[in-house]
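Engineer: structural data only, the sequence is not supplied:
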């Protein structure tokens, strides 16, 4: 007799865990796309633990998940810092989602995987 059991688990991932996914190489690649979308020229340099971007008269430093912006216009510094932080948070979330999906695929027989209208991934597995 078939048994259709549905289970749901919600978990909050710490910002520190997400920050670990944002290696300098990932951040540099993400910022290249970010500034291309905004049609802004950016010179990007990655170090061992950080990325520095020069955008016009602004310097953006990303290290350990923290974003800081220096420049002469406070409002623009704040806007850039918030926009970069939001973008990198999205990237980290997608990387985490990918990691979870890969782990599930390794451990279980995946019957289907669909994206809900909310953007959530719905994975049906066979135990």
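Structural biologist: Sure thing, it's come through. As the structure is a prediction and not an experimental result, all values here were calculated from the model.
Engineer: so which residues of this structure form strands?
Structural biologist: 43-46, 50-55, 58-63, 66-70, 109-115, 121-126 (DSSP state E).
Engineer: what lies in contact with the last one?
Structural biologist: Counting contacts by C-beta atoms under 8 Å, 6 or more residues apart in numbering, the residues outside strand 121-126 that touch it are 97, 101, 104, 108-116. For glycine as for every other residue, the C-beta is placed from the backbone atoms N, C-alpha and C.
Engineer: now do the first one
Structural biologist: Defining contact as C-beta under 8 Å, 6+ apart, one finds that strand 43-46 is touched by 24-25, 27-28, 31-32, 51-55.
Engineer: if we go to 6 Å?
Structural biologist: If you take C-beta atoms under 6 Å, 6 or more residues apart in numbering as the criterion, strand 43-46 is touched by 24, 28, 31, 52-54.
Engineer: which one of the residues you listed is nearest residue 85?
Structural biologist: residue 31 (11.7 Å; C-beta to C-beta).
Engineer: got a pLDDT number for that closest one?
Structural biologist: Looking at residue 31, its pLDDT reads 95.
Engineer: give the contact list for it.
Structural biologist: Counting by C-beta under 6 Å, 6+ apart, residue 31 touches 44, 53.
Engineer: one more time with 10 Å
Structural biologist: The contact partners of residue 31, taken as C-beta atoms under 10 Å, 6 or more residues apart in numbering, are 42, 44, 46, 51-53, 55, 60, 62, 84, 87-88, 91.
Engineer: most neighbours among the residues you listed, please name it.
Structural biologist: Greatest neighbour count in the contacts of residue 31, by other C-beta atoms under 10 Å, goes to residue 62: 26 neighbours.
Engineer: about what we covered before: hmm, which two among the contacts of strand 121-126 are most spread apart?
Structural biologist: Longest span within the contacts of strand 121-126, C-beta to C-beta: 109 and 116, 21.2 Å.
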